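**Q** I'd like to go over a predicted model; first the sequence, then the structure.
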Amino acid sequence: MGKFSPVPGTADIFPEESARYRKIEETGAEIFGRYGYGELRTPTFEYTEVFQRGLGDDTEVVQKEMYTFEDRGGRSLTLRPEGTAGVMRALLTTDVMNGVEQRVFYHGSMFRGERPAAGRRREFHQIGVENVGRIAPELDAECIAMLYHFLQEIGIKDVEIRINSRGIAEDRVESGKALREYFAQHIDDMCDDCKVRLEKNIWRILDCKQENCRNIIKDAPDYRLYFSEDSRNYFKTVCETLDALQVPYIIDPMLVRGLDYYVHTVFELAHTTLGSSIAIAGGGRYELFLPGQSRPVRGVGFAAGIERLIMVQDALNIKLDDKKSDLVYLVSLGDEARKANIELAGILRRNGLKVALEVENRSMKAQMRSANNSGANFVVIRGDNELAENCAVIKNMTDGTEEKVSIEKLYDSLV
Ligand code: HAM
């Protein structure tokens, strides 16, 4: 890897692409705003305990994927692998623990030491929301509906939404026991990861992707039968509310999600262009413990991977509106015209136009080539004659026509 390449799994995002990130972020802000969400910006790194306790020591992210380092005072810090834990830490300063609802969204870099692949980076960007402080199945459904709405707005229409219920801690005792008994009988035929999961986190077996394991998993007992009636009703209401909101979904009992803080509703979204194993977004209801807190923070939320959203948009050939056509290119013939055009560029820009201009005194041909490459819609040409007459020649790059206008009328001719 060359000295000047970014670290594998990270990337430089150049203007054409960053405009697409911005569009997604702005659309999110607009849509989430309609549901009462405001933006929260939290630090990119936190004390390591926030993630250890927040996500759970046994999660794969905490065990294998965190970028952890010591600051000068010897405190252990970690680059955020996800947004929820930091957002909860920030919201502790509000009244969420007393049941006052908070609705926030966020976007930014997240860091996970995963093996880089298509759609899998070590620094990636999420856009997410958290609805904190209140518990109701209708809120879970609204959250999924809002994600669906947002995806529609960015042109990603036919998503596959899988949902499931994880129950609450009490629900998992008997159901976990039933699963453990079943998988213990078959464990010799299962993969090494599942052997560890049998001891450490039985639920993660359910979403193992290995073919052998899948054959065994499909005959596992239906653990949901062990859930309390309240929990089953909770999930039923989530489904009914989604029906009322006309959000299509599939119930997938094998969906467990990779983070341990989830209770009740979990969901994950995929798109056929990327295949069902690459999630474009995921989330659910959670109870998240923070260091020094005996009670969890309760909420529901989701995060979508912006790189993955852009991959789907690419596959669907969704492009940004071509903003370049607003560009005006100033061509200067001679020193005086060049100086006058620097001044003119300032005036036009202050009046809201996008302006590029010649600053080097090159030939007309070279300047016109740059103007062409820039994608400008109009070229404004000035030389000594135009300066003397206080006018300019405007060339319309779309139809090739030229027109001489006085400087007073120049702005109006360009908008
Ligand atoms: P997550 O499923 O770990 O959930 O991540 C959410 C999304 O981030 C994924 O669906 C995927 O699109 C994207 N993503 C994750 N890892 C990578 C990666 N290495 N490269 C590119 N994209 C990636 C969470 O992070 C939870 N905090 C979501 C949540 C919010 N749950 C409740 N509230």
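**A** Yep, it's here. Numbering: from 1, shown residues only.
**Q** So which residues on the stretch 1-150 of the chain come close to the ligand?
**A** Within the stretch 1-150 of the chain, the positions adjacent to the ligand are 82, 83, 84, 112, 114, 119, 120, 121, 124, 126, 128, 130 by Cβ under 6 Å from any ligand atom. All C-beta atoms are positioned from the backbone trio N, CA, C, and that covers glycine.
**Q** if we go to 5 Å?
**A** Within the stretch 1-150 of the chain, the positions near the ligand by Cβ under 5 Å from any ligand atom are 82, 84, 112, 114, 120, 121, 124.
**Q** Looking at those residues, which are in helices?
**A** Within these, residues falling in helices by DSSP state H are residue 84.
**Q** Now the buried members of the residues of the stretch 1-150 of the chain next to the ligand.
**A** By neighbour count, with 16 or more other Cβ atoms under 10 Å, these hold 82, 84, 112, 114, 121, 124 as buried.
**Q** And residue 60, what's its pLDDT?
**A** We have a pLDDT of 89 for residue 60.
**Q** Count the neighbours of it for me.
**A** Look at residue 60: counted by other Cβ atoms under 10 Å, it has 16 neighbours.
**Q** Now it. Nearest residue, chain neighbours left out?
**A** In this structure, residue 60 finds its nearest non-sequential neighbour in residue 258, 6.1 Å apart by Cβ to Cβ, 6 or more residues apart in numbering.
**Q** three-state assignment of the one you found?
**A** coil (DSSP: H, G, I helix; E, B strand; the rest coil).
**Q** What are the boundaries of the helices in the stretch 301-415 of the chain?
**A** Under the criterion DSSP state H, counting those that start in this stretch, helices of the stretch 301-415 of the chain are mapped to 306-315, 335-350, 364-374, 384-389, 407-414.
**Q** in this structure, which helix or strand is least confident?
**A** helix 60 (a mean of 89; mean pLDDT, DSSP states H and E).
**Q** Quick one: residues in contact with that helix.
**A** residue 258 (Cβ atoms under 8 Å, 6 or more residues apart in numbering).
**Q** Could you number the chain from 27 rather than 1 from now on?
**A** All right, first residue 27 from here; so that's helix 86.
**Q** need the next SSE after it, C-terminal direction.
**A** As assigned by DSSP states H and E, the chain's next helix or strand after helix 86 is strand 94-96.
**Q** Give me the domain ranges for this protein.
**A** Taking automatic domain parsing as the domain assignment, the ranges for the chain are 41-194+254-341, 350-440.
**Q** So for residue 234, which of those sits nearest?
**A** Closest of the domains of the chain to residue 234 is domain 41-194+254-341, at 9.2 Å (criterion: Cβ to Cβ).
**Q** Show the end-to-end separation of that closest one, please.
**A** Domain 41-194+254-341 has an end-to-end distance of 20 Å (criterion: Cα to Cα, to the nearest Å).
**Q** where does it sit relative to the chain's centre, distance-wise?
**A** From the chain centre to the centre of domain 41-194+254-341 is a distance of 9 Å (Cα atoms, centre = their mean, to the nearest Å).
**Q** So, low pLDDT: which residues of the protein?
**A** For the chain, residues meeting the criterion pLDDT under 70 lie at 27, 348-351.
**Q** Kindly list the longest helix within it.
**A** The longest helix of the chain (DSSP H) is helix 41-60.
**Q** Flag every buried residue along it.
**A** Those would be 46, 47, 50, 51, 53, 54, 57, 58, for helix 41-60 by 16+ other Cβ under 10 Å.
**Q** next one: phi and psi at residue 30?
**A** phi -100, psi 10 (degrees, to the nearest 10).
**Q** State the number of residues packed around it.
**A** By other Cβ under 10 Å, the residues close to residue 30 number 5.
**Q** cool, residue 388 as well?
**A** 14.
**Q** now swap in residue 436 and tell me
**A** Residue 436 has 19 neighbouring residues, counting by other Cβ under 10 Å.
**Q** Wait, the residue nearest to residue 86 touches residue 82, no?
**A** No. Between residue 284 and residue 82 there is no contact under Cβ atoms under 8 Å: 10.5 Å.
**Q** What lies in contact with the next helix-or-strand element following the longest helix of the chain?
**A** Sequence-wise, the next helix or strand downstream of helix 41-60 (DSSP H and E) is strand 64-65. Residues from elsewhere that reach strand 64-65 (Cβ under 8 Å, 6+ apart): 55, 129, 130, 131, 132.
**Q** Out of those, which is nearest to residue 167?
**A** residue 129 (15.0 Å).
**Q** Got phi/psi on the closest one?
**A** With angles defined as degrees, to the nearest 10, residue 129 sits at phi -120, psi 110.
**Q** returning to that earlier point: can you tell me which two in the buried ones among the residues of the stretch 27-176 of the chain next to the ligand are farthest apart?
**A** The span of those, defined through Cβ to Cβ, is set by 110 and 147 at 18.9 Å.
**Q** Relative to residue 248, how far out is residue 254?
**A** Counting by Cβ to Cβ, to the nearest Å, the gap from residue 254 to residue 248 is 15 Å.
**Q** Those two: which is more packed in?
**A** residue 254 (13 against 9).
**Q** which residues does the closest residue to that one other than its chain neighbours contact?
**A** Sequence neighbours aside, residue 197 is the residue nearest to residue 254 in space, at 5.9 Å (criterion: Cβ to Cβ, 6+ apart). By Cβ under 8 Å, 6+ apart, the contact set of residue 197 is 252, 253, 254, 257.
**Q** And for residue 156?
**A** 109-110, 113-114, 117, 128-132, 325-327.
**Q** Make TSV out of those residues and add distance to residue 276.
**A** Putting these into TSV (distance: Cβ to Cβ, whole Å) gives the following:
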residue	distance to residue 276
109	26
110	24
113	28
114	29
117	32
128	30
129	27
130	29
131	26
132	28
325	24
326	19
327	21
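**Q** Good, we can wrap up now.
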